[in-house]
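Student: quick one, structure for this:
(2 chains)
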Amino acid sequence: MTLGLLSVVTFLPAVGAVALALVPRRLDTVHRAAALAVALATFAVSIPLWFRFDGESADFQFEEVVRWLPTLGVSYHVGVDGISLLLVLLTTFLTPLALASAWQAVEDRTKEFGITMLLLETGMLGVFVSLDLFLFFVFWEAMLIPMYLIIGVWGGSNRIYAAVKFVLYTMVGSALMLVAILALYYQHGAATGAYTFDVPALARWVVPPGLGQNLMFLAFALAFAIKVPLFPFHTWLPDAHVEAPTAGSVILAGVLLKMGTYGFLRFCLPLFPDATRTFAPLIFALAVIGIVYGAWVSTVQPDLKKLVAYSSVSHLGFVVLGLFTLNQQGLVGGVIQMINHGLSTGALFLMVGMIYERRHTRLIAEFGGLWTVVPAFSVLFLVVVLSSVGLPGLNGFVGEFLVLVGAFQVNGWLAAAATTGIIFAAVYLLRMYQRVAFGEVTREANRQLADLSPREWAVLVPVLVFIVWIGVYPSAFTDKTEATIAALLAQVESKASVAMTPR
Amino acid sequence: MTPEIPAPPVTLWVLMPTLFVLGAGALVLVLDVLPPRESKTHLGGVALAGIVGALVASVWLWLRGGDGRAFRDMVLLDGYALFFDLLICYAAALVVMLSMDYLGRTGSESGEYYALVLFSTAGMMLMASAGDLIVVFLSLELMSLSLYVLAGLFKTRLTSGEASMKYFLLGAFATSFFLYGIALIYGATGSTNLDRIAASAAAKGGDPLVLIGLGLLLVGFGFKISSVPFHMWVPDVYEGAPTTITALIATGSKAAAFAALIRVLVVALRGVQPDWSALLWGVAVLTMTLGNVVAIAQSNLKRMLAYSSVAHVGYMLMGLVAGGSQGAGSVLFYLLAYTFTTVGAFGVIALCARAGEEAVEVGDYAGLARRHPVLAATLALFLLSLIGIPPLAGFVAKFYLFGSAVRAGYIWLTVIAVLNSAVAAYYYLRVIVFMYMREPEGEALAVTPSFAGGLALGVALVGIVLLGIIPAPFADLAQAAVAPLLR
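Tutor: As a prediction, the model looks like this:
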């Protein structure tokens, strides 16, 4: 058995974590450097995935199948398509940046921090590459614990409450998903004689429409809606974001939330097409509520991090909106918007963290006039804010535009309501920027702030490159995913119509 | 001429694993009065050797294959019995290893401790191979009487005496129910042999006497496995008993009681399965819910684990409700995972002391990760396995168990169970919160490193990781073990 590229990418961080555990504790700098080196190596190893991935094909690529629990029909089955490829690369890209951002911010227990972050990376990658429901669930649950520790050990003053809330919310959701997974497994097995957790095999089978399918859809959807988080399941998010250390927030916003939207795409749509159509209006409406509500709440936040956290609720509403348009533009927009949100919000959290390291406060009122004090920081911050607002020419515009094009084909009124979310995004983000960067320097403490250090430049520039790249040349990214999405939509259509025909 | 009474053939090899343990127990009693008399650690070594002997014998018998019956079908040797022999011996071996320095530290080292542990272990093993209700009863008593004494080992500690007394009184009460149940079933079917009960019950149909007997048997078993509403003794006994004995009560005696319960229900009372299935459905729900909800309120780690063990019994009963070889097999696998995890968790507690007392309050563990990172990580892994976080044993065990329930169509039972697991996460995680996210207060926790204890924890840790990552061979083993019951 040869070790496939995807397995190497997935497990390299975990192997690195084990190696890191053997290094003596007092070598702090070694731990920081080694964790970063492992994360960078993982990114380097994952780059060939991008170049060798055939965007014309909708099939899973880099597939590996090894029997794991033969009696249950569980196998170690991994592979990527045009959707998960982007998310895998987003993960390997953001993790080293998050680790680099924590170089100075995390001084306590650096050894454990490095180990936890690397284990988290393996967990997240595992979720995106798994093509077996059992394997997926293993990674989905296993990933909770490192994130829990990152919030709870290295977080702010109210970290324990936030960490426990995060875990319990997620666990309740995934508990019901487990029942649905088992129910699907036995239903499929009883109907076809083949007991398997293999996702492609299950997706080929048409789940009988009706109550059973609806309940299974709802169980899956609840787990994913909590993770996204979709209104009204979002209340854990502001707590978790505010308390988490910068690196944790970057990963949480950048990657973890995408596991929810990814779950909708990978499981809900192809496995339960009828239920998807039944509940699409509901989720569509919830997404719009989330967009508007998140935007409104953001406008009144006095705390920078909380503002960004609520803006995440709003932005992820756009992603879910795109997915449940169930048309090509909407889905492509949703997928691109996942990446955009990872980059923009990740960068916002990084920069809020940088300013927090200097001033030890995140209150907007504490700042003002930073433009004159730290010009380089302010310019980069402006770019990131504009990307989050959705300025044409930067990445955010592409995704939101496509999502809205898709949404208008489904329901004009709701789409119009969603559009106000963009306007409000401009309001809260630009107003925040204005109060932070422009005007007079009101606080003495702000006069002595240092501008970006070389390390911080090195963290931010890669993100900015992608923000501009996706903004001006999105097809480099959409080309990889369009075939997959077209095939997914065709599958939803055909399965739904098969199930609809009376027998 | 006097009539000749035919002597029943003595086929002792059927009892071979149990005899190793009993022999070691007798040897310990003899060696106890011989020099050297100041240290008793070597007796622990003898006990361990006996248990390892039993393990080797079980493995040998397993590989040799073929079933055995002895003493007029009163004792059975099949894959099922051997599976439990292995499980119980593992638990007992870990407990003995943990005891070796725990006893010295608590100043209660004595020879009879090891002897009693061995006798109770022998009782547990016999319960798993009992083919007759009388043998079930006798071995239950052998196990319980030894444990009653062991629970009161700390003669000067009030809680220990309370534990022993409570365990004894309630235990005696429960056994009398059990005995009454045997009597009624004997009255209805004319036999105490499990196979003959099955044949007779099948011929007669739903005899009310059998049903009442079944109910009374379930009271007795319910006490031993600590299902609601017969769980009242659990928190006090778990808290008061020496921690190593708590580990033995929580794992070995529970496994043995489940072994006998499953055999009695599946072999002898299969004819009335709808009746006990419906009854156990309710008991399972009550047990898991009450265990988890009350565990949330506990600040004493031993009491918390006591209620959590009640909750785990609730999960395991699901497998019995589901029935069939899959249901029973998943219970066996769950017991395996649960045994490794629980012995490990209690083992860590046994190693920790604060101000000369055992560290049992959750607050005592504040900041443990800073001072003893390896020990904290070990306890954290055991707790995560109890929650059911992959890739640890607890997750796979739950997966099999819930899978068997869903397969049998008990969707709502499974929904209740998974929600319960989510609730349970809260109190297990709270310990991790204390260990990792709070700073220590007051006197530091003293951890006595010991080779035997460390080895025991290491074995348990390897066990839960192995069961979590490559569960297939063990799950197949559990399935093979229940096959003889369902013939």
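Student: may I have stretch B:307-315 as PDB, with CA atoms only?
Tutor: Extracted C-alpha coordinates of stretch B:307-315, given in PDB (Å, rounded to 0.1, in the frame of the first residue of the first chain):
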ATOM      1  CA  TYR B 307     -23.000   8.400  38.400                       C
ATOM      2  CA  SER B 308     -21.400   8.300  35.100                       C
ATOM      3  CA  SER B 309     -21.000   4.600  35.400                       C
ATOM      4  CA  VAL B 310     -24.700   4.400  36.100                       C
ATOM      5  CA  ALA B 311     -25.200   6.300  32.900                       C
ATOM      6  CA  HIS B 312     -23.000   3.900  31.000                       C
ATOM      7  CA  VAL B 313     -25.100   1.000  32.200                       C
ATOM      8  CA  GLY B 314     -28.000   2.700  30.700                       C
ATOM      9  CA  TYR B 315     -26.300   2.800  27.300                       C
END
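Student: which stretches in the stretch 1-150 of chain B count as strands?
Tutor: Read by DSSP state E, counting those that start in this stretch, the stretch 1-150 of chain B holds these strands, from start to end of the chain: B:68-70, B:75-77.
Student: just the stretch 301-450 of chain A next, same as before
Tutor: Applying DSSP E, counting those that start in this stretch to the stretch 301-450 of chain A gives no strands.
Student: find the closest residue to chain B in it.
Tutor: Using CB to the nearest CB, the point where the stretch 301-450 of chain A gets nearest to chain B is A:K305, with a distance of 19.9 Å. C-beta coordinates here come from the backbone N, C-alpha and C atoms, glycine included.
Student: and that residue, what pLDDT?
Tutor: A:K305 is assigned a predicted lDDT (pLDDT) of 89.
Student: now for it: which residues touch it?
Tutor: A:241-242, A:249, A:349, A:352, A:356, A:362 (CB atoms under 8 Å, 6 or more residues apart in numbering or on different chains).
Student: now with 6 Å, please.
Tutor: Shown here is A:K305, whose contacts under the criterion CB atoms under 6 Å, 6 or more residues apart in numbering or on different chains are A:242, A:352, A:362.
Student: adding neighbour count and distance to chain B, write the residues you listed out as TSV.
Tutor: Output for these, formatted as TSV (neighbours: other CB atoms under 10 Å in any protein chain shown; distance: CB to the nearest CB, whole Å):
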residue	neighbour count	distance to chain B
A:V242	23	16
A:V352	20	23
A:R362	20	21
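Student: any part of stretch B:313-325 near chain A?
Tutor: No: against chain A, stretch B:313-325 shows no contacts by CB under 6 Å from any CB of the partner chain, the least distance being 11.6 Å.
Student: neighbouring contacts of that stretch?
Tutor: By CB under 6 Å, 6+ apart, stretch B:313-325 touches B:225-227, B:277, B:280-281, B:284, B:287-288, B:327, B:330-331, B:334, B:401, B:404-405, B:408, B:417, B:482, B:486.
Student: which of those come close to chain A?
Tutor: Filtering these for proximity to chain A (criterion: CB under 6 Å from any CB) leaves nothing.
Student: out of the residues you listed, which are buried?
Tutor: If you count burial by 16 or more other CB atoms under 10 Å in any protein chain shown, the buried members of these come out as B:225-227, B:277, B:280-281, B:284, B:287-288, B:327, B:330-331, B:334, B:401, B:404-405, B:408, B:417, B:482.
Student: residues from chain A in reach of chain B?
Tutor: A:69, A:138, A:141-142, A:145, A:152-153, A:160, A:171-172, A:175, A:178-179, A:182-183, A:186.
Student: those in strands, which ones?
Tutor: Per DSSP state E, strands hold the following members of the residues of chain A next to chain B: A:L69.
Student: of the residues of chain A next to chain B - the most surrounded one?
Tutor: Each of the residues of chain A next to chain B was scored by neighbour count (other CB atoms under 10 Å in any protein chain shown); the top score is that of A:L178, with 27 neighbours.
Student: mind pulling up the pLDDT for it?
Tutor: Turning to A:L178, the model gives it a pLDDT of 92.
Student: wait, what's in contact with it?
Tutor: Going by CB under 6 Å, 6+ apart, A:L178 touches B:V418.
Student: and with 8 Å instead?
Tutor: Residues counted as contacts of A:L178 (CB under 8 Å, 6+ apart) are A:137, B:399, B:402, B:418.
Student: do you know how far it is from A:L269?
Tutor: 20 Å (CB to CB, to the nearest Å).
Student: now the helices: where do they sit in the stretch 51-200 of chain B?
Tutor: Taking DSSP state H, counting those that start in this stretch, the helices of the stretch 51-200 of chain B run over residues B:79-106, B:111-129, B:133-151, B:158-189, B:194-204.
Student: among these, which is the most enclosed?
Tutor: The densest packing among these, expressed as mean neighbour count by mean count of other CB atoms under 10 Å in any protein chain shown, is seen in helix B:111-129 with a mean of 27.
Student: show me what that one is packed against.
Tutor: Contacting helix B:111-129 under the criterion 3 or more CB pairs under 8 Å, 6 or more residues apart in numbering or on different chains; DSSP states H and E are the following elements: helix B:16-32, helix B:41-64, strand B:75-77, helix B:79-106, helix B:133-151, helix B:243-248, helix B:254-263.
Student: identify the residues contacting the third one?
Tutor: Meaning strand B:75-77. Under the criterion CB under 8 Å, 6+ apart, external residues in contact with strand B:75-77 comprise B:14-15, B:61, B:67-70, B:126, B:129-131, B:135.
Student: which residues sit in contact with residue 162?
Tutor: With no chain named, the answer covers chain A. With contacts defined as CB under 8 Å, 6+ apart, A:A162 is in contact with A:151-152, A:155, A:236, A:239-240, A:242-244.
Student: switch to chain B, that's the one I care about
Tutor: Residues counted as contacts of B:E162 (CB under 8 Å, 6+ apart) are B:236, B:240.
Student: could you check the pLDDT of it?
Tutor: At B:E162, the predicted lDDT confidence score is 89.
Student: likewise for A:L286?
Tutor: The per-residue pLDDT reported for A:L286 equals 92.
Student: give me the neighbour count for it.
Tutor: 22.
Student: correct me if wrong: it contacts A:F233.
Tutor: No: applying CB atoms under 8 Å as the test, A:L286 and A:F233 come out as separate, 9.1 Å apart.
Student: among the contacts of A:A162, which are in helices?
Tutor: The members of the contacts of A:A162 that map onto helices under DSSP state H are A:151-152, A:236, A:239-240, A:242-243.
Student: low-scoring stretches of the stretch 301-450 of chain A, by residue?
Tutor: Filtered on pLDDT under 70, the stretch 301-450 of chain A yields no residues whatsoever.
Student: show me where it has helices.
Tutor: For the stretch 301-450 of chain A, helices defined by DSSP H, counting those that start in this stretch occupy the ranges A:304-323, A:328-359, A:370-373, A:375-389, A:395-410, A:412-437.
Student: in the second one, what's buried?
Tutor: Taking 16+ other CB under 10 Å as the neighbour-count basis, helix A:328-359 is seen to contain the buried residues A:328-356.
Student: check stretch B:472-481 too.
Tutor: Residues of stretch B:472-481 classed as buried: B:474-475, B:477-481 (neighbour count, 16+ other CB under 10 Å).
Student: of the residues of chain A next to chain B, closest to B:S308?
Tutor: Taking CB to CB as the measure, B:S308 sits nearest to A:M171 out of the residues of chain A next to chain B, at 15.7 Å.
Student: now do the same contact list for the closest one.
Tutor: A:144, B:421-422, B:425.
Student: please apply the same query to A:V172.
Tutor: If you count contacts by CB under 8 Å, 6+ apart, A:V172 has them with A:226, B:419, B:422.
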